[in-house]
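K.L.:
Predicted model and sequence follow; I will ask about them next.
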Amino acid sequence: MDWTDSPYIAAFFAINQRSIKDVEPFRIWILSIKENSDCYLNNSDYNEMKKDFYVINTKFVVSKRLRRQRGYFSYLKNEMPLEEYLAKEESGVKLFYYDINGGSWLSIMRELSLMGISHNNLFDNLDGIATDVTLDFLHERIGKKE
């Protein structure tokens, strides 16, 4: 599962695929990890995977995309849902969620873009540029009516 250490980037991904008219609340999932938890893996530790659950630190990965997205991955060895696994294990990791209400999809995407969190900045490809141009156009046409 993909994670980020930025609540704003998490909000971007939580609403990224929504419809322009969607004003329903959306949910951000949060992994809370105690400082003394031994669930972190760095790039060189993959041969040491003896437990069922890990959070993989990608800070040293060469990928620009992962660095821009401030990405982490979680790895769960068994078929159990993550929420269920973490509730029963004493791993020092808890799973929470936060529901976000208020604002239209377009206005939230616009606010995130003003913070530098946009398709182009997070994906760094032609599709990202095209999506951002489309969102700017929609904001100019529709956003002022909100």
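P.N.:
Ah, there it is.
K.L.:
show me where the protein has helices.
P.N.:
Remark: helices assigned in the chain by DSSP state H are 7-15, 64-69, 82-88, 105-114, 119-123, 126-141.
K.L.:
how far is the last one from where the chain is centred?
P.N.:
Taking the mean of its C-alpha atoms, helix 126-141 sits 21 Å from the chain's own mean (C-alpha atoms, centre = their mean, to the nearest Å).
K.L.:
again, but for the fifth one
P.N.:
From the chain centre to the centre of helix 119-123 is a distance of 13 Å (C-alpha atoms, centre = their mean).
K.L.:
that older thread, redo the helices of the chain as TSV? Include distance to Glu24 and mean pLDDT.
P.N.:
In this view, the C-beta of every residue, glycine as well, is placed from N, C-alpha and C. Below are those laid out as TSV (distance: least, C-beta to C-beta, whole Å; pLDDT from 0 to 100):
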stretch	distance to Glu24	mean pLDDT
helix 7-15	10	89
helix 64-69	24	81
helix 82-88	21	86
helix 105-114	9	83
helix 119-123	21	84
helix 126-141	19	76
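K.L.:
Ile28: which of these is closest?
P.N.:
helix 7-15 (4.6 Å; C-beta to C-beta).
K.L.:
Settle this for me: Lys64 is touching Asn125, isn't it.
P.N.:
No. Using C-beta atoms under 8 Å, Lys64 is not in contact with Asn125; the gap is 10.4 Å.
K.L.:
rewinding a little: include distance to Ile28 and mean neighbour count when you put the helices of the chain into JSON lines, please.
P.N.:
Converted to JSON lines, those look like this (distance: least, C-beta to C-beta, whole Å; neighbours: other C-beta atoms under 10 Å):
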{"stretch": "helix 7-15", "distance to Ile28": "5", "mean neighbour count": "18"}
{"stretch": "helix 64-69", "distance to Ile28": "14", "mean neighbour count": "16"}
{"stretch": "helix 82-88", "distance to Ile28": "14", "mean neighbour count": "13"}
{"stretch": "helix 105-114", "distance to Ile28": "12", "mean neighbour count": "18"}
{"stretch": "helix 119-123", "distance to Ile28": "16", "mean neighbour count": "19"}
{"stretch": "helix 126-141", "distance to Ile28": "20", "mean neighbour count": "13"}
